[in-house]
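Novice: Pasting the sequence and the predicted coordinates here, then a few questions.
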Amino acid sequence: MRFLFRANKVDLSQDPLSGTDDELVAPAWRSVKLERQAHAASLWAMLRRLPSTARYLFGLAWQVSPSMTLLVVGANVVSGLAAGISVYSTTSVLRELITEGPTAARLVAALPALAVVVAALAVQRGLTILGGYGSQVIGAGLERLAERRVVDAALHVELSAYDESSWFDSLELAYQSGVAHVDGAFDRLATALGSLAGLLATAGTVALLDPLLLPALVLSVLPDAYAALHVARLLYTSMRRTSTLRRRRWLSTRMARDDSPAAEIRAYQAQPWLLADLDRIAGLLVAEETRLAQVQARTRAIGRALGGVGLGAAYVLLGVFLATGRVPLAVAGGALIAIQVGRARLEDVILSVNRIYEEGLYVNEYQRFLDDAHTRTRPTTAVTAPVAPSRYRVENLSFRYPGAERDSLHEVSLEFTAGQVIALVGENGSGKSTLAKLIAGLYRPSGGRILWDGVDIATADPDSVFDRVALVMQDPIHFPTSLADNIRLGRRDRTDTQDTALRAAAAAAGADEVAAQLPRGWETLLSRQFVHGTRLSGGQEQRLAIARALYREGDLLIADEPTANLDAKAEAAVYQSLAHLAQGRTCVMITHRMASVRTADRIYVLDHGRLAESGTHHELMELGGIYHTLYTIQAASYQDAPTPAKQGSTRSPSV
């Protein structure tokens, strides 16, 4: 039978996503290797994973509610057995009714079996309702648990994971498909157990009537079953092959739904391009879905045709048995009903297994994501990062981003002490921000060490490292909650019942002025997507970020281009707040504004990932190297060359 379906095999080289010179289907957007592996995987190899998938689903359901899990499984199994018993009792009723004798006597003789049929059907219906209730309760809990695990994993993986495109594909498949299918897969699994119990009971009835009818029953359904499983695999393969396209579509539509790019899209009249981009993506997806529908239709047609032949063979066999006297008419009538019901039960089992298989493919993707996230998560250790380190030392530090061809940092060594203000300067791409994140423990080095008081922070418990760090970024995040809560998140476990520390941090950063300007003060929601919400200006966001860093009271402050998008007045206010924040703390500042680093205790100049110069402002100016060049270029832009007064211009009289 397999060769008939092989004739329907898809040639990936001829699909709509191949052979086109488009960035949407370039290797950067698709993993051809994963696509071919998914399509080439053996169907039976996938089926062998069903038991492990079932164990995993039962494990998740048990965590949600052990009692409800037992209720769902028990109700479905007993309901299936009750349905099988009703079939057996129905054949007994027919046997009594078809035998010779007075009608009244035959009816009386059939009453016990008829009572069993009624009772079995009543039990089946009642347990079906009970099982449905349990499945609904378990399903809600499973979806919540599955979603939380994905989010938890995404929040705790190494920061470097977000520098890999494959990570985003895996995350999307796990969240968009895996989470959505976990509760459905468990429901299908419980249904399959009930159908299997009913099938076994019905198969027992068929075997009791005549054992030779049993293989005929199986053969009548097997082609349909194989076709259904093959169709599910085709759907899964297509889903994996188009995952990046769907992510690209989501990103493009998000630009139309988000307020951040709305102004520039209109100013640059980018609407036609955005719509054309969506049309290109949609065209590829529609072509792929059309191809998939054609292949699935052919596969189902083959299965139905072969299944019809098998069912016809079963009826012919039953007719032969009746003609040859192997079975009497009463038994033949019961066998006919048992075959019909048994075939329906077998189809239910196949359908349930097919749905489990289909849902299980996404559950397996979900499992793979969690396993991958676990390997990307820094383990906790007994080593604790020192509190208030007095000395920070970087030794021969190198770092390469995943998939990069060269190091972003190469054998960088530097040292500074507590309370110093350190400035990292250099051109774009020189490695400044990467170095700062490494010093803060956000990245782990590819080579070399970062020592806090002699402790290699790569070996320390990550939470103990992050606990010592306060971060102010160029584009700080603000959470969709109140202004006050956005500051409290700097140290959410801090005891500050009267908000004394919060208001002090806000006053030092100038964020109290921000609160005074907002319609609801400290309780203003920082999101315009909700009623009474608002959006802060760039300067207000930076003040809020500095207040959050002050509230955190970290030993090490990282300020990465905190004023890049601000006007001169806002920049001056932010630097005044940063100066307050840096008091008594070690500060690592990254900036292109050379005037703001003149007072730094030590300036490190990076060039193409290497440490090129170091010293104070005056030492580096005397050196006449990269720093001198950068500083001179910026300083020149603030110096006005003397120009002759234009004719007709006047000078205001001095007062």
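Specialist: Thanks, I have it.
Novice: How about the contacts made by residue 376?
Specialist: Applying Cβ atoms under 8 Å, 6 or more residues apart in numbering to residue 376 gives the contacts 157, 158, 160, 161, 167. Placement of C-beta: from N, CA and C, glycine included.
Novice: surely the third one meets residue 403?
Specialist: It stands for residue 160. No: look at residue 160 against residue 403 with Cβ atoms under 8 Å: they stay out of range, at 10.3 Å.
Novice: who has more neighbours, these two?
Specialist: residue 160 (18 against 9; other Cβ atoms under 10 Å).
Novice: And the more buried one, how close does it get to residue 400?
Specialist: 10 Å (Cβ to Cβ, to the nearest Å).
Novice: Same check on residue 285?
Specialist: 35 Å.
Novice: residue furthest from the geometric center of this protein?
Specialist: In terms of distance from the mean C-alpha position of the chain, residue 102 ranks first, at 70.3 Å (Cα atoms, centre = their mean).
Novice: Skipping adjacent residues, who's closest to residue 183 in space?
Specialist: In space, and not counting its chain neighbours, residue 183 is closest to residue 139: 3.7 Å by Cβ to Cβ, 6 or more residues apart in numbering.
Novice: Which strand or helix spans the one you found?
Specialist: Assigned by DSSP states H and E, residue 139 belongs to helix 103-156.
Novice: same for whatever helix or strand comes next after that helix, what does it pack against?
Specialist: The helix or strand immediately downstream of helix 103-156 is helix 165-172, counting by DSSP H and E. Here helix 165-172 is seen to pack against helix 243-257, helix 329-376 when contacts are counted using 3 or more Cβ pairs under 8 Å, 6 or more residues apart in numbering; DSSP states H and E.
Novice: hmm, who's touching helix 165-172?
Specialist: By Cβ under 8 Å, 6+ apart, helix 165-172 touches 28-29, 31, 150, 154, 157, 161-162, 243-244, 246-247, 365, 368-369, 372, 376.
Novice: Only alpha carbons, please: show it as PDB.
Specialist: What follows is helix 165-172, C-alpha atoms only, in PDB (Å, rounded to 0.1, in the frame of the first residue of the first chain):
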ATOM      1  CA  SER A 165      17.200  33.800  13.600                       C
ATOM      2  CA  SER A 166      16.700  30.000  14.200                       C
ATOM      3  CA  TRP A 167      15.800  30.800  17.800                       C
ATOM      4  CA  PHE A 168      12.900  33.100  16.700                       C
ATOM      5  CA  ASP A 169      11.600  30.300  14.400                       C
ATOM      6  CA  SER A 170      11.700  27.800  17.200                       C
ATOM      7  CA  LEU A 171      10.000  30.200  19.600                       C
ATOM      8  CA  GLU A 172       7.300  31.100  17.100                       C
END
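Novice: Give the next helix or strand downstream of that helix.
Specialist: Per DSSP H and E, the first helix or strand lying C-terminal to helix 165-172 is helix 179-209.
Novice: Quick one: mean pLDDT for that next one?
Specialist: What helix 179-209 shows for mean pLDDT is 83.
Novice: try stretch 113-128
Specialist: On average, stretch 113-128 scores 88.
Novice: in it, what counts as buried?
Specialist: Buried residues in stretch 113-128, counting neighbours by 16 or more other Cβ atoms under 10 Å, are found at 113, 114, 116, 117, 120, 121, 123, 124, 127, 128.
Novice: Export those residues as TSV, with columns for distance to residue 135.
Specialist: Converted to TSV, the buried residues of stretch 113-128 look like this (distance: Cβ to Cβ, whole Å):
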residue	distance to residue 135
113	32
114	31
116	28
117	26
120	22
121	21
123	18
124	16
127	12
128	10
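Novice: ok, so of those residues, who is nearest residue 339?
Specialist: Nearest to residue 339 among the buried residues of stretch 113-128, counting by Cβ to Cβ, is residue 117 at 17.8 Å.
Novice: Surely the residue nearest to residue 183 and residue 188 touch.
Specialist: No: counting by Cβ under 8 Å, residue 139 does not reach residue 188; the two are 11.0 Å apart.
Novice: between these two, who's got more neighbours?
Specialist: Shown here are residue 139 and residue 188; by other Cβ under 10 Å, residue 188 has more neighbours (23 against 18).
Novice: Now do the contacts for that one.
Specialist: Contacts of residue 188 by Cβ under 8 Å, 6+ apart are 352, 355, 356, 359.
Novice: Could you give me the ChimeraX syntax to select whichever of these are buried?
Specialist: The ChimeraX command for the buried members of the contacts of residue 188 (criterion: 16+ other Cβ under 10 Å) is given here:
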select :352,355,356,359
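Novice: how about TSV for the contacts of residue 188, with distance to residue 319 added?
Specialist: Shown next, in TSV, are the contacts of residue 188 (distance: Cβ to Cβ, whole Å):
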residue	distance to residue 319
352	31
355	35
356	36
359	40
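Novice: how about the contacts of residue 188, which pair is most distant?
Specialist: 352 and 359 (10.4 Å).
Novice: circling back to that earlier point, between which two of the buried residues of stretch 113-128 is the distance greatest?
Specialist: Using Cβ to Cβ, the pair of those lying farthest apart is 113 and 128, separated by 22.4 Å.
Novice: Checking residue 489 next. Helix, strand or coil?
Specialist: Secondary structure, DSSP: H, G, I helix; E, B strand; the rest coil: residue 489 is helix.
Novice: count of neighbours near it?
Specialist: For residue 489, the count of nearby residues is 15 (other Cβ under 10 Å).
Novice: In contact with it, which residues are there?
Specialist: Contact analysis of residue 489 by Cβ under 8 Å, 6+ apart lists 479, 548.
Novice: and if you look at residue 444?
Specialist: Residue 444 makes contact with 158, 160, 378, 438, 458, according to Cβ under 8 Å, 6+ apart.
Novice: thought residue 467 was touching residue 385?
Specialist: Yes: using Cβ under 8 Å, residue 467 is in contact with residue 385, at 7.5 Å.
Novice: Look at those two and report which has more neighbours.
Specialist: residue 385 (24 against 16).
Novice: I figured that one hits residue 461, correct?
Specialist: Yes: if you go by Cβ under 8 Å, residue 385 and residue 461 touch, sitting 7.2 Å apart.
Novice: so what's the backbone phi/psi at residue 469?
Specialist: When read as degrees, to the nearest 10, the backbone of residue 469 gives phi -110, psi 140.
Novice: That one: what's it in contact with?
Specialist: Contacts for residue 469 (Cβ under 8 Å, 6+ apart) come out as 440, 441, 554, 555, 556, 557, 558.
Novice: so how far is residue 586 from it?
Specialist: Counting by Cβ to Cβ, the gap from residue 469 to residue 586 is 10 Å.
Novice: Give me the common contacts of the two.
Specialist: Common neighbours of residue 469 and residue 586 (criterion: Cβ under 8 Å, 6+ apart): 555, 556, 557.
Novice: Closest to residue 332 out of those?
Specialist: residue 556 (86.2 Å).
Novice: And the strands in this structure, which stretches?
Specialist: In the chain, the segments counted as strands under DSSP state E are 391-399, 409-417, 421-425, 447-452, 455-456, 469-472, 556-560, 586-590, 602-607, 610-615.
Novice: For the stretch 201-350 of the chain, give me the ranges with low pLDDT.
Specialist: Residues of the stretch 201-350 of the chain meeting the criterion pLDDT under 70: 259, 267-268, 330.
Novice: Residue 592 contacts residue 562, correct?
Specialist: No: the pair residue 592 / residue 562 is not scored as a contact, 11.4 Å apart, by Cβ under 8 Å.
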